[in-house]
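Enquirer: sequence unknown, structure follows:
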């Protein structure tokens with residue numbers, strides 16, 4: 001068998017005269033009228049042009065060479081020469097070619113259902129590409145993504161090893177602790193009627209590792225959550241998971257910022273500079289979202305005081321509202337520079353229909369032209385026009401888009417509308433990396449249905465050091481020691497300082513409606529660890545898949561996972577999920593539920 005000596009994509013003019021053996025897949029075969037035949041051979045590193053003379057080449061080379069077709073697997077031995085037909089600037093190997101002296105057909109491919117090239121991929125349904133993922137992954141783009149992901153994981157391990165972290169694996173078969181998303185569960189064969197859960201994250205184990213004295217923990221781990229997939233989420237995903245002992249928030253933020261600085265320098269030779277910081281409250285008021293995209297302006301303004309003086313029924317009704325959290329209704333807006341011309345009536349009408357999905361009534365609009373305020377609600381804002389222009393910096397040619405509702409709804413509308421307008425008007429600069437820390441999240445939010453507080457992050461997050469008293473006096477005002485790392489409007493990491501004192505943990509459990517008995521039943525192993533000498537500790541977790549998405553420039557998480565699930569959670573390549581035999585169910589002490597009767 002021919003044994004490879006070079007990869008196809010690595011050949012350069014410096015290799016001219018060298019005898020090489022290349023192995024790969026046939027990308028194309030063509031013949032010229034001059035009696036020459038060409039094979040473009042492809043492997044993970046790229047393409048190389050292979051040439052042989054139909055008249056003078058060894059008969060076996062001609063016989064096998066003329067018989068190859070797309071995706072056949074072959075090896076060739078030959079000598080590198082300067083490309084006779086002149087260089088091909090589209091190929092990295094375009095200055096050279098290989099004159100074939102020997103060829104071996106390793107495997108003949110059936111007629112491929114899809115072709116692994118970028119142009120064809122755009123025309124093929126994603127479901128088809130996922131069904132034949134082993135061919136789709138041959139595409140140069142997919143090979144590049146897999147290489148980048150591998151480089152990122154190596155860079156991750158290098159950085160944290162240099163900073164004294166231990167890479168430790170945590171279990172995949174664990175106890176179900178129903179907090180957050182749904183668990184995937186696994187029946188136990190040896191313990192009839194009992195079930196394991198698959199981990200949504202290693203959260204409790206990494207805290208226990210801190211109690212165990214491991215001090216600094218790292219894991220690139222698999223996490224599983226039984227929730228509906230979306231463009232940047234899969235039920236099965238990877239996480240860069242960290243925990244550190246004897247630290248405060250600043251220590252974790254500093255370590256994490258250093259990691260991202262290291263990765264961006266290594267992968268892009270780019271200095272991310274100082275990473276700004278914003279509080280959750282400021283992010284919500286200024287951007288309408290707790291993961292703001294700061295690559296563009298369109299800041300949100302609260303003009304409730306001005307709106308109160310307007311004779312506009314929509315504003316007045318909104319200001320009279322009260323949300324379950326006790327906040328009063330508000331009127332908010334964004335100023336769109338040049339929007340008087342760039343925002344058409346069709347677009348603004350579309351925004352009004354779109355925000356109804358957020359339970360909002362619509363998007364009132366006013367445009368400031370050279371003649372004054374026109375269209376939409378212009379006549380209603382005349383009394384506040386001068387103050388509005390002064391406060392918001394409105395200029396002739398601008399448009400103002402409003403949201404009037406409860407604080408929660410109006411804030412949500414403004415945050416989403418700000419992003420949509422920026423995309424529609426192409427206001428988001430390409431190639432920018434805007435990192436941001438968001439801190440001082442609320443510790444709790446009120447669940448009106450359950451009539452109880454709910455932990456905004458998770459129930460093991462500590463209050464800020466100066467906030468402990470508020471757990472007793474005013475939980476709704478308590479700020480947590482949580483933090484999120486945001487890149488271009490996407491949360492790429494989130495974490496917190498954890499609760500290490502039993503009295504504080506018990507109080508938080510009580511606030512979220514967990515009795516001591518329930519807490520022991522669900523989290524007894526963690527509580528037991530906390531009782532036996534827990535150090536102050538905290539950590540953070542990166543969504544590895546989401547991080548790779550940003551690095552390679554895709555908005556589809558399935559692009560960066562070798563074998564992803566579809567939007568409905570299926571693996572089309574292996575046909576999973578699938579039914580299993582009754583004998584297997586019996587062995588697991590599980591009985592198949594009877595199908596519901598069909599009602600005519």
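Expert: Alright, I've got the coordinates. Worth saying up front: this structure is predicted, and the values here are computed from it rather than measured. Residues are numbered from 1 along each chain as shown.
Enquirer: can you get me the start-to-end distance on stretch 539-554?
Expert: 28 Å (CA to CA, to the nearest Å).
Enquirer: and the helices in the stretch 401-550 of the chain?
Expert: Using DSSP state H, counting those that start in this stretch, the helices found in the stretch 401-550 of the chain span residues 407-424, 470-473, 502-511, 516-530, 544-552.
Enquirer: could I get those as JSON lines with distance to residue 320 and mean neighbour count?
Expert: Glycine gets a C-beta too; all of them are placed from N, C-alpha and C. Below are the helices of the stretch 401-550 of the chain laid out as JSON lines (distance: least, CB to CB, whole Å; neighbours: other CB atoms under 10 Å):
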{"stretch": "helix 407-424", "distance to residue 320": "13", "mean neighbour count": "22"}
{"stretch": "helix 470-473", "distance to residue 320": "29", "mean neighbour count": "13"}
{"stretch": "helix 502-511", "distance to residue 320": "31", "mean neighbour count": "17"}
{"stretch": "helix 516-530", "distance to residue 320": "40", "mean neighbour count": "15"}
{"stretch": "helix 544-552", "distance to residue 320": "41", "mean neighbour count": "21"}
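Enquirer: all helices for the stretch 151-300 of the chain, in order.
Expert: 203-211, 249-268, 280-287.
Enquirer: run through the stretch 501-600 of the chain and note the low-pLDDT ranges.
Expert: 594-600 (pLDDT under 70).
Enquirer: contact partners for the residue lying closest to residue 398 once chain neighbours are set aside?
Expert: Spatial nearest neighbour of residue 398, chain neighbours left out: residue 368 (5.1 Å); criterion: CB to CB, 6 or more residues apart in numbering. Residues near residue 368 by CB atoms under 8 Å, 6 or more residues apart in numbering: 340, 374, 389, 394, 395, 396, 397, 398, 399, 400.
Enquirer: beyond the helix or strand residue 368 falls within, next helix or strand please.
Expert: Element membership of residue 368 [criterion: DSSP states H and E] is strand 365-369. Using DSSP H and E, the helix or strand that follows strand 365-369 in sequence is strand 372-374.
Enquirer: contacts for that following strand, please.
Expert: By CB under 8 Å, 6+ apart, strand 372-374 touches 340, 366, 367, 368, 378, 381, 382, 385.
Enquirer: neighbours around the third one, how many?
Expert: What it means is residue 367. Residue 367: 22 surrounding residues under other CB atoms under 10 Å.
Enquirer: go on, the first one?
Expert: Residue 340 has 22 neighbouring residues, counting by other CB under 10 Å.
Enquirer: quick one: low-confidence parts of the stretch 201-350 of the chain?
Expert: Looking at the stretch 201-350 of the chain by pLDDT under 70, you get 229, 231.
Enquirer: show me where it has strands.
Expert: Under the criterion DSSP state E, counting those that start in this stretch, strands of the stretch 201-350 of the chain are mapped to 216-224, 236-245, 277-279, 300-302, 330-336.
Enquirer: follow-up on the earlier one: and among the helices of the stretch 151-300 of the chain, the most buried is which?
Expert: helix 203-211 (a mean of 22; mean count of other CB atoms under 10 Å).
Enquirer: list the helices and strands that one packs on?
Expert: Packing partners of helix 203-211 (3 or more CB pairs under 8 Å, 6 or more residues apart in numbering; DSSP states H and E): strand 216-224, strand 236-245, helix 516-530, strand 537-543.
Enquirer: can we see that at 6 Å?
Expert: Under the contact criterion of 3 or more CB pairs under 6 Å, 6 or more residues apart in numbering; DSSP states H and E, helix 203-211 touches strand 236-245, helix 516-530.
Enquirer: could you dump those into a markdown table with distance to residue 440 added?
Expert: Shown next, in a markdown table, are the helices and strands packed on helix 203-211 (distance: least, CB to CB, whole Å):
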| stretch | distance to residue 440 |
| --- | --- |
| strand 236-245 | 20 |
| helix 516-530 | 25 |
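Enquirer: closest one of the contacts of residue 368 to residue 535?
Expert: Closest to residue 535 out of the contacts of residue 368 is residue 400 (52.4 Å), distances taken as CB to CB.
Enquirer: for residue 207, what are its contacts?
Expert: Counting by CB atoms under 6 Å, 6 or more residues apart in numbering, residue 207 touches residue 498.
Enquirer: what sits up against stretch 123-131?
Expert: 114, 136, 572, 573.
Enquirer: can I get the buried part of the residues you listed as one ChimeraX selection?
Expert: In ChimeraX syntax, the buried subset of the contacts of stretch 123-131 is picked out as below (16 or more other CB atoms under 10 Å):
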select :114,136,572
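Enquirer: okay, the contacts of stretch 123-131 in TSV with secondary structure next?
Expert: Putting the contacts of stretch 123-131 into TSV (DSSP: H, G, I helix; E, B strand; the rest coil) gives the following:
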residue	secondary structure
114	coil
136	helix
572	coil
573	coil
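Enquirer: for the helix or strand residue 79 falls within, packing partners?
Expert: Element membership of residue 79, judged by DSSP H and E, is strand 73-82. Counting contacts by 3+ CB pairs under 6 Å, 6+ apart, strand 73-82 packs against strand 19-31, strand 96-107.
Enquirer: mind giving me a markdown table with those strands and columns for mean neighbour count?
Expert: As requested, the helices and strands packed on strand 73-82 are exported to a markdown table (neighbours: other CB atoms under 10 Å):
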| stretch | mean neighbour count |
| --- | --- |
| strand 19-31 | 18 |
| strand 96-107 | 18 |
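Enquirer: got those strands as JSON lines, with mean pLDDT and distance to residue 493 columns?
Expert: Shown next, in JSON lines, are the helices and strands packed on strand 73-82 (pLDDT from 0 to 100; distance: least, CB to CB, whole Å):
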{"stretch": "strand 19-31", "mean pLDDT": "96", "distance to residue 493": "38"}
{"stretch": "strand 96-107", "mean pLDDT": "97", "distance to residue 493": "43"}
